[in-house]
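[1] what's the 3D shape of this:
(chains A and B)
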Amino acid sequence: MHVLEVKEITRRFPDLPHPAVDSVSFRVEPGEIFGLLGPSGCGKTTTLRIIAGFESPDSGTVLIREREVLSLPPERRKVGFVFQDYALFPHLSVIRNVMFAMKGTPARLRETRAAELLRMVGLIHVDHRMPDELSGGQQQRVAIARALGADPQLLLMDEPFSNLDVALRDTTRREVRALLKEQGLNAILVTHDQEEALSFCDRLAVMNAGKVEQVGKPEEVYHHPRTAFVAQFLGRANLFEGDAEGTIAHTALGPLLIRPEAHGRVLLSLRPEHIVLTRGDGGSQEGEVVAREFRGHDLTYRVRYQDRSIVAHTDYTHSFYPGQRVQLTAREAAVVLRDLNGRTASNPGGSHG
Amino acid sequence: MTDATPAARSRRAGRSNPPWYLLIAPAAVAVVMLVPLVYLVVRATEADAATLAALVLRRRNLELLGNTLLLTGGVVAATTLIALPLAWLVVRTDIPAVRLVTFLGVLPLSVPGYVMAYALLSLGGNYGFLARVLGIVVARPAGYWGALAALTLYCFPYVFLNVRASLAGMDASLEESARSMGYGHREVLRRVILPHLTPALFSGWLIVAIYVLGDFGAIALMRYEVFSYAIYTQYSGAFDRTYAAWLSLMLLALAMVPVLLEGRLLRGARYARTGTGVARSLRRIRLGAWKIPALFFVAVVVTGSIGLPFGILAYWLSVRPPWTELARVGQAFLYSAGAAAPAAISTVLVALPIAYLRVRHPSPLSHTAERLAYVGYALPPLSLALAMVFFSLRLARPLYQSLPLLVVAYMISFLALAMGPIRASLLQAPRRLEEAARSLGFSPFAAFVRTVVPLLRRGMFASTGLVFVVAMKELPIAFLLAPTGYVTLSLAVFSRTSEAMHVEAAPYAAAIVLFSSLFVGLLLRHEGKE
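    Residues are numbered from 1 along each chain as shown, chains lettered A, B, ... in the order given. Predicted structure coming up:
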């Protein structure tokens, strides 16, 4: 049984030329933390709001535990929602915010149960403070405690970590994930941060311009991107075209192993860490280092190669400087992308983030 | 449920369509407002063509129009001449006692136009203040200049408040960057500060224009022939109903002009700060030797707008202490409150769903509902009241000169006033609070009551207070719609002053002024929060 099934939902807004959500489908399995990842304006938040019932799709269906919920108002869907700015009720204390969620619980049990939840998120010591007296991280955990107070079947989180500063974000993320796993809760996380999505989610859907481009486990999506957008959104990628003959493609970088098998003109993606740089000796696949970026644990080079710019990561043992000639070798098979829609080869700029 | 149409679904679950019960209030307002107005049109066009032509093409109408425009323009100009320098002094210079000067710049609002006219009138004449105290007999101010003075002295705080807020909210770096680009003080004033003040000036002028067009007390006492004066004489003397209806319609059309104009002039104007940095406040300019003329200016304004009415009232009260009159003043106060209190409560109850619709369900419909409230505010009170009179006489006889009709007319007239504070506090209660409550299992109505209403309490309180105090001193609508024998404070002042019984009017006027000072207090408090 799926916890959630979203089928072909589409939502148009009158002032937008294309649908904000364009026949989006995915499923969430029991116990799973699912991610919706994409740039701002890709429709991920609208999708989440449709699941919660704050928006209605123009077409499509949403099933929670195999029950159609579009006909239900938000209050009857048993879906918890954690807002980006937490939406704590400013006139209620921390514990009252959590108790507010326990409509179905007998009044005398509410306080005990709310205290339990606050203890779980480590905030029992601030239970009688007002929301504006808490730090951002504390407010965020109150929001989660409150959402759990209603005993939801599914927890939806809309960029819940984006208002936290970097130092706090990592720890809060880890704690929340541990908490969700411990409680066996199903959750959907909306984020534009690929690192967050890869580390927090069990599976994720990458969205772009209202459409789901790919669904899969973080490793799958990262290592086997299906489209140029996915390849570039989840880290840097070198894109170039080639002529495929089965498991080999002839490219500007010479013949490369590819996967899956393909024939004819293809668009390929090769991650920067899958390129090996060696000192040039006048061979055919040589380029010139044009930029060097030291990042502590590794180095990023930008190499000028036959009128294109290629990005490569190397470990700290290699050290090249701008102006040096280097030999480029692929150490993994390049990934065949599905789209060949006019994206020019090797477009590493703008792919980060 | 899969066979349900998307539209049907969104009605049930989505937020795009507001719940039906929110539409009751705007629909009721539209009906209550439009039916009498339509009836006014019907009443105006009942006569035969020849009579109509004679009424409408009368030369006197042109004179009335000219006078009305002259008075409105004059008051707008005069209030600006007082308010602009005063606001600048208070915000941008080191003038002493800033808080006191600011308070004195707003206090005249507690002296309604007809009380100001009363004070001016009792200054001159054979038995006037000047004759009694100083033995000087001066002519009573009357006509254009009398009306101009009374209305200017009452209205300038509206412009002052707007300009002051805008000046105070101006980012110092705008001015400083202009200076660094080589512009002098004067050029900065002309090219940076004045354009920045334009929206504030426009909205101040709009309020003043609406007030002057709708005013009836001051011009009736000063006997200056504008539309509302003509309506008054038609009503109280030669009661030609068709002509009165026509005059009301003409005045109404005139009152819609500034409303439309403001929208057009401000369209596309952007004055918000565009940067993300923190706005810096401005350094005050040292007045130095200019301090003396500046204080003299303030003194003149304060003497005219506050010293005069308060002094006159104090004088009349000392001439004849009001002790024997107190019981009747109390009765009049109760009458005023008896209309103002239900008006305030019903206005806020109607304003709440309209403001909510506008903020949460923006659509052409909710926009229209909000505009309706502003149109109600701009409706000249005499036109509105006369429409109500005609309507009730013809179609709802039991309502004629009944308290409920008076309350409804107040509600239409003051709805926009109640919207301001409610809207401001609604905007501070984000939609997500309601969504959070709904995802926690609360119905839309319960979510609103439990999460938004607690945050609205302050705004609703401010709105109720505003409407109550404004309705307490209201004159023209009470004049036409109050039940027989229902003599409110304002009606008592008006009837006694128009008979030149200045001593007798004093206790009633004093009660209004004292009570209206509350309004000023509320206004200042509310303004501080926005």
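
[2] count of residues packed around B:Thr324?
    9 (other C-beta atoms under 10 Å in any protein chain shown). For every residue, glycine as well, the C-beta is placed using N, CA and C.

[3] ok, now which ones touch it?
    Counting by C-beta atoms under 8 Å, 6 or more residues apart in numbering or on different chains, B:Thr324 makes contact with nothing.

[4] residue in chain A nearest to chain B?
    Chain B sits closest to A:Ser56 of chain A, with a gap of 3.4 Å, by C-beta to the nearest C-beta.

[5] dump the C-alpha coordinates for the helix or strand A:Val311 falls within into PDB.
    Of the helices and strands defined by DSSP states H and E, A:Val311 is found in strand A:308-315. Written as PDB, here are the backbone C-alpha positions of strand A:308-315 (Å, rounded to 0.1, in the frame of the first residue of the first chain):
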ATOM      1  CA  ARG A 308      35.200  24.300 -24.900                       C
ATOM      2  CA  SER A 309      35.500  24.600 -21.100                       C
ATOM      3  CA  ILE A 310      35.600  21.400 -19.100                       C
ATOM      4  CA  VAL A 311      35.400  21.100 -15.300                       C
ATOM      5  CA  ALA A 312      37.300  18.500 -13.500                       C
ATOM      6  CA  HIS A 313      37.700  17.700  -9.800                       C
ATOM      7  CA  THR A 314      41.000  16.100  -8.600                       C
ATOM      8  CA  ASP A 315      42.100  15.100  -5.100                       C
END
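
[6] who's in contact with it?
    Under the contact criterion C-beta under 8 Å, 6+ apart, strand A:308-315 has outside partners A:236, A:238, A:240, A:252, A:272-273, A:275-277, A:287, A:290, A:297-303, A:320, A:328, A:345-346, A:348-349.

[7] can you report phi and psi for B:Val319?
    Phi and psi for B:Val319, reported as degrees, to the nearest 10, are phi -60, psi -50.

[8] before we move on, back to that, quick one: the residue of chain A closest to chain B and A:Ile50 touch, right?
    Yes: using C-beta atoms under 8 Å, A:Ser56 is in contact with A:Ile50, at 6.9 Å.

[9] overlap in contacts of the two?
    Common contacts of A:Ser56 and A:Ile50 (C-beta under 8 Å, 6+ apart): A:Arg11.

[10] which ones among the contacts of strand A:308-315 lie within strands?
    A:238, A:240, A:275-277, A:287, A:290, A:298-303, A:328 (DSSP state E).

[11] in the stretch 201-350 of chain B, where is pLDDT below threshold?
    The stretch 201-350 of chain B contains residues with pLDDT under 70 at B:238-239, B:262-283.

[12] and the helices in it?
    Ranges of helices in the stretch 201-350 of chain B, per DSSP state H, counting those that start in this stretch, are B:217-222, B:227-236, B:241-266, B:291-302, B:308-319, B:326-360.

[13] again with the stretch 101-250 of chain A
    Remark: helices assigned in the stretch 101-250 of chain A by DSSP H, counting those that start in this stretch are A:107-120, A:136-149, A:166-183, A:194-200, A:218-223, A:228-233.

[14] save the ones you listed as JSON lines, and put in distance to B:Gln234 too.
    Below are the helices of the stretch 101-250 of chain A laid out as JSON lines (distance: least, C-beta to C-beta, whole Å):
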{"stretch": "helix A:107-120", "distance to B:Gln234": "65"}
{"stretch": "helix A:136-149", "distance to B:Gln234": "64"}
{"stretch": "helix A:166-183", "distance to B:Gln234": "73"}
{"stretch": "helix A:194-200", "distance to B:Gln234": "74"}
{"stretch": "helix A:218-223", "distance to B:Gln234": "81"}
{"stretch": "helix A:228-233", "distance to B:Gln234": "75"}
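
[15] what residues does the stretch 51-200 of chain A put near chain B?
    A:52-59, A:61, A:68, A:70-81, A:83, A:85, A:87, A:89-91, A:100-101, A:103-104, A:146-147, A:149-150, A:152 (C-beta under 8 Å from any C-beta of the partner chain).

[16] of the residues you listed, just the buried ones, PyMOL syntax please.
    Of these, the buried ones can be selected in PyMOL as follows, counting by 16 or more other C-beta atoms under 10 Å in any protein chain shown:
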select buried, chain A and resi 52+53+54+55+56+57+61+70+71+72+73+74+75+77+78+79+80+81+83+85+87+89+90+91+100+101+146+147+149+150+152
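
[17] which strand is the longest one in chain A?
    Taking DSSP E as the criterion, chain A has its longest strand at strand A:254-270.

[18] what average pLDDT does that strand get?
    Strand A:254-270 shows a mean pLDDT of 90 in the predicted model.

[19] and the angle for it with strand A:308-315?
    Relative orientation of strand A:254-270 versus strand A:308-315 (axes from the mean of the first three to the mean of the last three C-alpha atoms, to 10 degrees): 80 degrees.

[20] related to what we said a few turns ago, among the residues of the stretch 51-200 of chain A next to chain B, which lie within strands?
    Going by DSSP E, the strands hold A:59, A:61, A:68, A:79-81 from those.

[21] which residues of chain A score low on pLDDT?
    Applying pLDDT under 70 to chain A flags residues A:340-353.

[22] can you check chain B too?
    For chain B, the stretches with pLDDT under 70 are B:1-17, B:171-185, B:238-239, B:262-283, B:523, B:525-530.

[23] how about the helices in the stretch 51-200 of chain B?
    So, for the stretch 51-200 of chain B - with DSSP H, counting those that start in this stretch - the helices run B:59-92, B:98-106, B:113-121, B:129-133, B:143-168, B:172-180, B:185-188, B:194-214.

[24] elements contacting the shortest one?
    The one in question is helix B:185-188. Helices and strands touching helix B:185-188, by 3 or more C-beta pairs under 8 Å, 6 or more residues apart in numbering or on different chains; DSSP states H and E, are helix B:172-180.

[25] turn the helices of the stretch 51-200 of chain B into TSV, columns for mean neighbour count.
    Formatted as TSV, those follow (neighbours: other C-beta atoms under 10 Å in any protein chain shown):
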stretch	mean neighbour count
helix B:59-92	19
helix B:98-106	16
helix B:113-121	28
helix B:129-133	15
helix B:143-168	23
helix B:172-180	15
helix B:185-188	12
helix B:194-214	20
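
[26] now distance to B:Phe448 too, for those, in CSV please.
    CSV is the format used below for the helices of the stretch 51-200 of chain B (distance: least, C-beta to C-beta, whole Å):
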stretch, distance to B:Phe448
helix B:59-92, 39
helix B:98-106, 34
helix B:113-121, 40
helix B:129-133, 55
helix B:143-168, 30
helix B:172-180, 40
helix B:185-188, 47
helix B:194-214, 30
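
[27] those helices: which one's closest to B:Ala355?
    When the helices of the stretch 51-200 of chain B are compared by C-beta to C-beta, helix B:194-214 sits nearest B:Ala355, at 18.2 Å.
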